[in-house]
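In: Build me a model:
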Amino acid sequence: KEAAGIAMKKAGFKNIKHSETKETGGYQLYAEKGNYSRLGVYITHLSILLILIGALIGIFFGFKGFLNLPEGKTYSVAFAQTGPLTPAQEEDMEKIIAALQAVEGNTLKAAGQLGMEEQLLKAKMKRYGVRPLGFSIRCNDFNTDFYSNSDMPKTYKSWLTIIENGAAVKINGKEVQEIEVNTPLKYKGVTFYQSSYGLSPEGRANSVFKFRITPKDGKTENIESMFEGSLSIPGTNLTGKIENFSPAISFDQSTGRPFTYAEQMNNPAVFISFYENNKRKYSGWVLKRYPETWKLPEGHIVEFVDLWGIQYTGLQVRDDPGVWVVYLGCIVMSIGLYIAFFMSHRKIWLRVVEEKNSVRIIAAMTANKNREAFERKIDKMITLLGKSVEGEKK
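Out: Have a look, this model is predicted:
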């Protein structure tokens, strides 16, 4: 009996039950392993229910929208797709947005400013697809890098700041957060994904040209200028006047005339006329992506760094309170599938009958899956048990 118990334990069975059969002068032993593995199917079905519940929570209580945030601007609301609005509704929506912007999305305070009940304000916001964030978000800067000699974006990034109660919020010790595709910003359950970009319709009026100017024998300086503004080369009498701008410039191959081929900052260029002692000396296009256009005849370098304020960053805004239920469902599903496919319920019965000059062992076993592997393990156990019995006789 002891040898049979040891052999069964070496086969992986721990809780062994045994009984004595008096009329045959032998013993019966029984053990099972992985009895909970039959629950794998039910655990997997439970996980599917959890995922569905999480999805429903997200649909009914979450929010999925967008926010086109211009450089230098701050918003306290996001927007969802809605049906067409009448001019009166659009005007009403603009008033609601302005009120929410003034109070960082606080609907109670905004309703007081608009002279209406909060519930009525919320109903209008739902109709217009306006969702207050509960805080403000500002776009400090946006930049796109392209593959060389191509208009295909390599990366595009935004530098954002969360503002709450009038003060910038530090996240991981930093006030300015850098986001790009697949690297979102998360705050208070709201996630901001980098999804698009473009030119702001009203950006040109408030945009600022940024230049990095290096005189031939001088120190590099950063200079800013507005549209139709001017810049000067430090240490010289040379000044430049900004006369034109193109977000995506190209030149006609036959005439050499410039033209704008896209309303995106694919190949930005600024046209500058240079004057010395108030006399026009020369002029030309300075292209941001082509350093060979930065050098002036005297050897000075005028690098076109950026036109800040003309672009917006397109953010996808998600607030999904059911996402953790979905994550839990995925974890439960992984556990259920592992149990269902890689574990089995195994049972074994051993009957050891002592006869005159020998010991007879009768074995019965069952497994709900992977029976071939179980049979090989039982064969080894029987061999081990036979050797143990022979050793005891000697």
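
In: per-domain residue ranges of this protein.
Out: Using automatic domain parsing, the domain ranges for the chain come out as 2-34+344-393, 61-201+312-323, 204-310.

In: Please tabulate those domains in CSV, including the columns distance to Ser334.
Out: To be clear about C-beta, it is placed using only N, CA and C from the backbone, and glycine gets the same treatment. Converted to CSV, the domains of the chain look like this (distance: least, Cβ to Cβ, whole Å):
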stretch, distance to Ser334
domain 2-34+344-393, 18
domain 61-201+312-323, 17
domain 204-310, 43
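
In: any chance of these in a markdown table, with mean pLDDT too?
Out: Compiled in a markdown table, the domains of the chain are given as follows (pLDDT from 0 to 100):
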| stretch | mean pLDDT |
| --- | --- |
| domain 2-34+344-393 | 70 |
| domain 61-201+312-323 | 92 |
| domain 204-310 | 93 |
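
In: possible to save these as JSON lines with mean neighbour count and distance to Ile335?
Out: Formatted as JSON lines, the domains of the chain follow (neighbours: other Cβ atoms under 10 Å; distance: least, Cβ to Cβ, whole Å):
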{"stretch": "domain 2-34+344-393", "mean neighbour count": "15", "distance to Ile335": "14"}
{"stretch": "domain 61-201+312-323", "mean neighbour count": "16", "distance to Ile335": "19"}
{"stretch": "domain 204-310", "mean neighbour count": "16", "distance to Ile335": "48"}
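
In: Among these, which comes closest to Ile53?
Out: Shortest distance between Ile53 and the domains of the chain, using Cβ to Cβ, is found for domain 61-201+312-323: 7.2 Å.

In: Listing partners with orientation, what would you give for the one helix or strand Thr144 maps to?
Out: For Thr144, the host element (DSSP states H and E) is strand 130-146. Here strand 130-146 is paired, per DSSP bridges, with strand 74-79 (antiparallel), strand 153-164 (antiparallel).

In: possible to save the ones you listed as TSV with distance to Tyr275?
Out: Below are these laid out as TSV (distance: least, Cβ to Cβ, whole Å):
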stretch	distance to Tyr275
strand 74-79	38
strand 153-164	35
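
In: and Ala102, which of these is closest to it?
Out: With respect to Ala102, and counting by Cβ to Cβ, the nearest of the strands paired with strand 130-146 is strand 74-79 at 8.5 Å.

In: next SSE after the closest one?
Out: Counting by DSSP H and E, what follows strand 74-79 is helix 87-102.
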